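# test case, fold it:
(2 chains)
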Amino acid sequence: MEIKSDDYRVWYEPEDSTVFCNGYLRLDGTEEYKPIMDLLIGAITDQPTITVNLRKLEFLNSSGISMLSMFVIKVRQNGGIKLIFEGSSKILWQTKSLKNLQRLMPTIQLDFD
Amino acid sequence: MAQLNTDKVFGEFLDPLLPTDEYLTINFSPTSGSRKEYWRNNGISADFLGDYFSSFFPIDIDTQAKIDKRDEIKSTVSFIANELLENAMKYSVQTMKLPVSIALYLYEQELVFVAANHAHVKTVNGYQEFIQEIVTSDIDELYTKQMEKAATGESGSSMGLITMISDYSAKLGWKFSPLEDYQDIFQAIIMVRLAV
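Sure thing, here's the model as predicted:
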């Protein structure tokens, strides 16, 4: 499963239960984020643990932050799934904003490299 | 309610701004281009502003920090400018060919963004209600509330403005002025100040 454009690439690797998001995501609102959201939701089916690797996601606009919030709430609703976000300590938005997802689900694990 | 014929100011809005030698304004004159094309321009313009203004800051050599000052300025300016342009495009009155602009001013201790667009009175009223909430609420509580709201897919959660305040310690101000020739249209100006 892969979603690709000139600016970004999002794909799922089932063997590692990991969704990778790379590049620059500045999509126009919830509707344009839907395919990515669907890929994320698809990944949590039947998985006890899911990792979202953002270490090469240089840019995420606030609609993208809202999409991640939406995803976290879906995981929270499903219950019993361990959610890990892998971030980069060299990418500013991640150091500023990723921790906020724990407000929605305190058990989220944040791993910064 | 937006009052006709009078300016309305919210938050910390400096008027006039102090003069500075370093500033840049980008003006978008609406054409028949598609929304997708405009959207792409937002990112290009925001990245340009980030690149340009970061060059005024030194590259830290001895620092232990993982992100040096220049990269921090570049990323912050790019994020904020992109959000301001996205909002300006989203809430502009579409039927009239009125311009959108963004300006960035550099001072010794702060960066000031000024973004302007034109919006219908109905849009302005909804926006002002949300601004009231921003200026009177505890920002942490509002952040969580809006995140939950965003998660339901409700549009207009305005996470961008709240993120600027909460994660980037930005100070926001707004000014709304009615247009003389069009009663229902307001010029909406947002000012974002960032300590540097």
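# chain neighbours aside, what residue packs nearest to A:Met70?
Nearest non-adjacent residue to A:Met70, counting by CB to CB, 6 or more residues apart in numbering or on different chains: B:Ala151, 4.3 Å away. All C-beta spots, glycine's among them, are computed from the backbone N, C-alpha and C.
# so who does the one you found touch?
For B:Ala151, the contacting residues are A:66, A:69-70, A:72-74, A:104, by CB atoms under 8 Å, 6 or more residues apart in numbering or on different chains.
# next secondary structure after the lengthiest strand in chain A?
Ranked by residue count under DSSP state E, the longest strand found in chain A is strand A:49-60. Later in the chain than strand A:49-60, the nearest helix or strand by DSSP states H and E is helix A:62-78.
# ok, and what's touching that next one?
Residues outside helix A:62-78 that contact it (CB under 8 Å, 6+ apart) are A:25-30, A:32-33, A:36-37, A:40-41, A:44, A:50, A:52, A:60, A:81, A:83, A:97, A:100-101, A:104-105, A:108, B:83, B:86, B:147-148, B:150-153, B:157, B:159-160, B:163.
# flag every buried residue along that helix.
For helix A:62-78, the neighbour count (16 or more other CB atoms under 10 Å in any protein chain shown) marks A:62-73, A:75-76 as buried.
# also stretch A:1-11?
Neighbour count says stretch A:1-11 has A:8, A:10 buried, by 16+ other CB under 10 Å.
# same question for stretch A:89-98.
Neighbour counts over stretch A:89-98 (16+ other CB under 10 Å) mark A:90-98 as buried.
# go on, stretch B:65-72?
In terms of neighbour count (16+ other CB under 10 Å), stretch B:65-72 has its buried residues at B:67-68, B:70-72.
# average pLDDT for it?
Average pLDDT, stretch B:65-72: 90.
# cool, stretch A:77-84 as well?
The average pLDDT within stretch A:77-84 is 93.
# same question for stretch B:103-123.
In this model, stretch B:103-123 has an average pLDDT of 97.
# my guess is B:Thr20 contacts B:Gln109. True?
No: using CB atoms under 8 Å, B:Thr20 is not in contact with B:Gln109; the gap is 11.4 Å.
# pick out whichever of those two has more residues nearby.
B:Thr20 (11 against 8; other CB atoms under 10 Å in any protein chain shown).
# show me the contacts for A:Leu92.
Contacts of A:Leu92 by CB under 8 Å, 6+ apart are B:67, B:71-72, B:75-76, B:79.
# CSV for these, including secondary structure?
Shown next, in CSV, are these (DSSP: H, G, I helix; E, B strand; the rest coil):
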residue, secondary structure
B:Ile67, coil
B:Asp71, helix
B:Glu72, helix
B:Ser75, helix
B:Thr76, helix
B:Phe79, helix
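# switch those over to TSV; also include distance to B:Thr123.
What follows is the contacts of A:Leu92, written out as TSV (distance: CB to CB, whole Å):
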residue	distance to B:Thr123
B:Ile67	36
B:Asp71	36
B:Glu72	33
B:Ser75	30
B:Thr76	27
B:Phe79	24
